[in-house]
Structure formats: structure tokens, C-alpha cells
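>>> Fold the following.
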Amino acid sequence: MTIKTLLVAAALSVAPALALAECQWKHDTTASQCAEGQIFDATKGTCIEQVTG
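Presented below is the predicted three-dimensional model:
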């Protein structure tokens, strides 16, 4: 095997692992993920308790 073939094989074998790693650190919360009684705070990027009063 040539070095070029080995480099291509290494890149193809690592690609799925990199794709999975990207998904693990990208956890953006959205308004649809907030529990009942909570609202989405865009400045904090999280769900907070809805204050009624």
C-alpha cells in the first residue's frame, strides 16, 4: 500500500467518530424542549420557570 492510500483509509475511518463528537457538544435548547410551566430565555439559552403574577 502506498502512503496516500493509508492516509485516505485513516481519514475515512476517523470521519464517523468526528461526526458523533460534534453532536455531543452541540446541545442547543429550544423553546419546544421546555417543560410545562417553563419558557425559553433566549439570553441564557435555557428554560426558566414562567413567572405569573
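>>> If we ignore the residues flanking it in sequence, what's nearest residue 48?
residue 41 (4.8 Å; CB to CB, 6 or more residues apart in numbering). In this view, the C-beta of every residue, glycine as well, is placed from N, C-alpha and C.
>>> tell me the phi and psi of that neighbour?
phi -100, psi 110 (degrees, to the nearest 10).
>>> Wait, it touches residue 51, no?
No. Here residue 41 does not reach residue 51: they are 11.2 Å apart, not a contact under CB atoms under 8 Å.
>>> between the two, who's got more neighbours?
In this view residue 41 and residue 51 are compared by other CB atoms under 10 Å, and residue 41 has more residues nearby, 13 against 6.
>>> what pairs with that one across the strands?
Counting by DSSP bridges, residue 41 forms beta bridges with residue 46.
>>> how close does it sit to residue 2?
From residue 41 across to residue 2, the span is 55 Å (CB to CB, to the nearest Å).
>>> do the same with residue 50
Separation of residue 50 from residue 2 (CB to CB): 63 Å.
>>> What is the end-to-end distance of stretch 44-51?
End-to-end distance of stretch 44-51 (CA to CA, to the nearest Å): 16 Å.
>>> Can you give me the buried ones in that stretch?
Across stretch 44-51, burial judged by 16 or more other CB atoms under 10 Å covers residue 47.
>>> Check the average confidence over it, would you?
When pLDDT is averaged over stretch 44-51, the result is 85.
>>> now stretch 8-25
The model assigns stretch 8-25 a mean pLDDT of 71.
>>> Residue 11 belongs to a helix?
Yes. Applying DSSP: H, G, I helix; E, B strand; the rest coil, one finds residue 11 inside a helix.
>>> so how far is residue 17 from it?
Distance, residue 11 to residue 17, by CB to CB: 11 Å.
>>> what's the closest non-adjacent residue to residue 35?
Of all residues beyond its chain neighbours, the one nearest residue 35 is residue 47 (6.6 Å), with distances taken as CB to CB, 6+ apart.
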